[in-house]
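A.B. asks: Got a predicted model here, sequence first, then my questions.
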There are 2 protein chains.
Amino acid sequence: MSADRWSDRLRSSMTTRDSLVCVGIDPDLTRMPAPLQATDDVESLLVRFAAGIIDATADIACAYKPNLGFFLAHGAAGIRALERIRPLIPSTTPAILDAKIGDIGTTAAAYARGVYDTMGYDAVTLSPYLGEDALVPFISRADRGVFILCKTSNPGSGDLQDLDVAGQPLYRVVADTIRDWSTRHPATLGMVVGATYPEQLAAIRVACPDQPILLPGVGAQAGDLAAAVRSGVDAHGLGLVVTSSRAIIYASSGDDWMDAARAAAIDLRDAVNAIRAN
Amino acid sequence: MSADRWSDRLRSSMTTRDSLVCVGIDPDLTRMPAPLQATDDVESLLVRFAAGIIDATADIACAYKPNLGFFLAHGAAGIRALERIRPLIPSTTPAILDAKIGDIGTTAAAYARGVYDTMGYDAVTLSPYLGEDALVPFISRADRGVFILCKTSNPGSGDLQDLDVAGQPLYRVVADTIRDWSTRHPATLGMVVGATYPEQLAAIRVACPDQPILLPGVGAQAGDLAAAVRSGVDAHGLGLVVTSSRAIIYASSGDDWMDAARAAAIDLRDAVNAIRAN
């Protein structure tokens, strides 16, 4: 953690490592590497797995993004693991908690304390559905970042997000709204846009030239990486957090799991950089 | 927990106790009753507070609703408390985890395991923003219930929820969508509608005569109870989970905190029943 501005820290991490790759830490107990399978308690297993992934990719990843769901699946033991994993992430690398939460008033304040202070995360993903006042406790600090769900990567994202609002799909209205909220809050407001929707991503980037975009859906979800990176980077070739989870962390389940994770992260970094260079 | 249908369990709990009152368990450490303030560790404090509230209201409450945010604020200690609180709730009383979560694919499945199985909750609040496929792991079990955010109680709920979608506000489209999803899934799909918006609640109840509605915003948020109850109950005078947190659990911070919580719960139950009777 650091008191520096979130936007500066994210950019610095990207430029220092010449990487836009964020490693998603989504531990699934049925896919743990063989050398860890003898670990008895789930808390230790989660920590050892994350420690191995972080150790293997520390100079490649511009950010790490554990997903709260994969830890809450194990109740208190999972959350304890999440707390122990946080300090394993290098201090210059932002830690994003993928939680997709959002609640009102005093509850939002409690969540913000939990995510930012108790657990020590630098940024968090949030839902826009409850409106601006529900986000205030999260977006009132310049040293923290948020990524608000805009156009998600799943097949059913259109159920609500594509609804027509006065001639525009809802996700575009959400993108414009996030840009407007940005002018009123010290935190860096970004958005989540799935790599599986590169055309929509392009339209959002045009509407929001300055907002960081968290891009899930490359790798296992098989989005078109080239189209997504070209559409999603900002004018400086930055501002896009290219997130991959399963394709990196489960690159191998054998003895070479850390080497394989490292190789997959390097491959993705290099592929993204080759697209950026063109 | 029980394998019976969620809709039957909720109705049975309401009719057995002649009560629509759900007690929200939102522990705020700055408001703990004096007799508990000497409790050293936060996990024990949270459990003792919830145990006192449950003990004082067990024959009044048709459901309990801890909010995940107030527990995650304390990290793993809070989640451990949430796990220890679950078995303190009477087995015939539904336990609703207010989490407002929603995520895709394998992540949603992990959350569902955590909420339903690891932590043992009967129902959960969810965000609709990601669409139907993101809800599937939560709504594929007839013994579990979900309440999907529709029109929330906060002042800024209109930022997105009131956007005009082909002549209807978004929250009405969400209500219709929840009703349509109900026909395809075994779980009981309900919705969250704030008591602070009684006219909108009335319109939602007309559109969705059979869906359970979770009603926050009475008590501390000062919604119009009479208008909300009249608008929100179903044709049988049931189907409305009238949730109050602060007005009950912080009714007194003195030695009489349990008696005061009980009295506040009885007052709300009786007020709701008087409205239902007319």
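C.D. replies: Noted; the coordinates are in hand. Residues are numbered from 1 along each chain as shown, chains lettered A, B, ... in the order given.
A.B. asks: could I have the strand or helix carrying A:T106 exported to CSV, CA atoms only?
C.D. replies: Following DSSP states H and E, the helix or strand that holds A:T106 is helix A:105-112. Below are the C-alpha coordinates for helix A:105-112, written out as CSV (Å, rounded to 0.1, in the frame of the first residue of the first chain):
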residue,chain,number,x,y,z
GLY,A,105,-24.8,4.3,3.2
THR,A,106,-23.2,2.9,6.3
THR,A,107,-22.9,-0.6,4.7
ALA,A,108,-20.8,0.8,1.8
ALA,A,109,-18.6,2.5,4.4
ALA,A,110,-18.2,-0.8,6.2
TYR,A,111,-17.2,-2.5,3.0
ALA,A,112,-14.7,0.2,2.1
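A.B. asks: From the chain's centroid, how far away is it?
C.D. replies: How far helix A:105-112 lies from its chain's middle: 21 Å, per Cα atoms, centre = their mean, to the nearest Å.
A.B. asks: Do it and chain B come into contact?
C.D. replies: Yes. Contact between helix A:105-112 and chain B, assessed by Cβ under 8 Å from any Cβ of the partner chain, occurs at A:105-108, A:110-111. The C-beta positions use only the backbone N, C-alpha and C, and glycine is treated the same way.
A.B. asks: Nearest to B:A187 among those?
C.D. replies: A:T107 (24.1 Å; Cβ to Cβ).
A.B. asks: Wait, that closest one touches B:P66, no?
C.D. replies: No. At 11.1 Å, A:T107 does not count as touching B:P66 under the criterion of Cβ atoms under 8 Å.
A.B. asks: For A:I101, give me its contacts.
C.D. replies: With contact set as Cβ atoms under 8 Å, 6 or more residues apart in numbering or on different chains, A:I101 has these partners: A:68, A:111, A:124-127, B:69, B:99-101.
A.B. asks: And it, how far from A:E132?
C.D. replies: Separation of A:I101 from A:E132 (Cβ to Cβ, to the nearest Å): 15 Å.
A.B. asks: Kindly report the same for A:I178.
C.D. replies: From A:I178 to A:E132 the distance is 10 Å (Cβ to Cβ).
A.B. asks: So if I had to pick from the two, which one is more boxed in?
C.D. replies: More crowded of A:I178 and A:E132, by other Cβ atoms under 10 Å in any protein chain shown: A:I178, with 24 against 19.
A.B. asks: which SSE is the more buried one in?
C.D. replies: A:I178 belongs to helix A:170-182, assigned by DSSP H and E.
A.B. asks: got the buried residues for that helix?
C.D. replies: A:170-175, A:177-179, A:181-182 (16 or more other Cβ atoms under 10 Å in any protein chain shown).
A.B. asks: if we take the residues you listed, which one ends up nearest to B:H236?
C.D. replies: A:L170 (35.0 Å).
A.B. asks: Just give the closest residue to the residue nearest the centre of chain A, not the sequence neighbours.
C.D. replies: Taking Cα atoms, centre = their mean as the criterion, A:K65 is the residue nearest the geometric centre of chain A, at 4.8 Å. Closest residue to A:K65 apart from its sequence neighbours, by Cβ to Cβ, 6 or more residues apart in numbering or on different chains: A:I96 at 4.4 Å.
A.B. asks: wait, is that neighbour part of a strand?
C.D. replies: Yes. Judged by DSSP: H, G, I helix; E, B strand; the rest coil, A:I96 forms part of a strand.
A.B. asks: I'd say it and A:C22 touch.
C.D. replies: Yes. With contact defined as Cβ under 8 Å, A:I96 counts as touching A:C22 (7.0 Å).
A.B. asks: Between those two, point out the one with more neighbours.
C.D. replies: Legend: neighbour count by other Cβ under 10 Å for A:I96 and A:C22, higher for A:C22 (30 against 25).
A.B. asks: Specify the local secondary structure of that one.
C.D. replies: Going by three-state DSSP: A:C22 is strand.
A.B. asks: What's opposite it in the beta bridge?
C.D. replies: A:A63, A:T243 (DSSP bridges).
A.B. asks: Run through the residues that contact A:M191.
C.D. replies: A:147-150, A:174-175, A:178, A:204, A:208, A:211-214 are the contacts of A:M191 under Cβ under 8 Å, 6+ apart.
A.B. asks: any idea which helix or strand carries the spatially closest residue to it that is not a sequence neighbour?
C.D. replies: Closest residue to A:M191 apart from its sequence neighbours, by Cβ to Cβ, 6+ apart: A:C150 at 4.0 Å. Using DSSP H and E, A:C150 maps to strand A:145-151.
A.B. asks: Pipe the buried residues of helix A:170-182 into a markdown table and attach pLDDT and distance to A:V115 per row.
C.D. replies: Formatted as a markdown table, the buried residues of helix A:170-182 follow (pLDDT from 0 to 100; distance: Cβ to Cβ, whole Å):
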| residue | pLDDT | distance to A:V115 |
| --- | --- | --- |
| A:L170 | 98 | 26 |
| A:Y171 | 98 | 24 |
| A:R172 | 98 | 28 |
| A:V173 | 98 | 26 |
| A:V174 | 98 | 21 |
| A:A175 | 98 | 23 |
| A:T177 | 97 | 22 |
| A:I178 | 97 | 19 |
| A:R179 | 97 | 23 |
| A:W181 | 95 | 19 |
| A:S182 | 94 | 20 |
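A.B. asks: Dump the residues you listed into JSON lines; add distance to B:A81 as well.
C.D. replies: Shown next, in JSON lines, are those (distance: Cβ to Cβ, whole Å):
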{"residue": "A:L170", "distance to B:A81": "38"}
{"residue": "A:Y171", "distance to B:A81": "37"}
{"residue": "A:R172", "distance to B:A81": "42"}
{"residue": "A:V173", "distance to B:A81": "39"}
{"residue": "A:V174", "distance to B:A81": "35"}
{"residue": "A:A175", "distance to B:A81": "38"}
{"residue": "A:T177", "distance to B:A81": "36"}
{"residue": "A:I178", "distance to B:A81": "34"}
{"residue": "A:R179", "distance to B:A81": "39"}
{"residue": "A:W181", "distance to B:A81": "34"}
{"residue": "A:S182", "distance to B:A81": "36"}
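A.B. asks: Switch the residues of helix A:105-112 next to chain B over to a markdown table; also include neighbour count.
C.D. replies: Output for the residues of helix A:105-112 next to chain B, formatted as a markdown table (neighbours: other Cβ atoms under 10 Å in any protein chain shown):
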| residue | neighbour count |
| --- | --- |
| A:G105 | 16 |
| A:T106 | 18 |
| A:T107 | 25 |
| A:A108 | 23 |
| A:A110 | 26 |
| A:Y111 | 26 |
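A.B. asks: And these, which is the shakiest by pLDDT?
C.D. replies: Among the residues of helix A:105-112 next to chain B, A:G105 has the lowest pLDDT, at 88.
A.B. asks: what about the helices in the stretch 101-250 of chain A?
C.D. replies: Secondary structure of the stretch 101-250 of chain A, counting by DSSP state H, counting those that start in this stretch: helices at A:105-112, A:132-139, A:158-161, A:170-182, A:198-207, A:225-232, A:246-249.
A.B. asks: need those helices in a markdown table with distance to A:A261, can you?
C.D. replies: A markdown table is the format used below for the helices of the stretch 101-250 of chain A (distance: least, Cβ to Cβ, whole Å):
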| stretch | distance to A:A261 |
| --- | --- |
| helix A:105-112 | 30 |
| helix A:132-139 | 30 |
| helix A:158-161 | 32 |
| helix A:170-182 | 32 |
| helix A:198-207 | 26 |
| helix A:225-232 | 18 |
| helix A:246-249 | 5 |
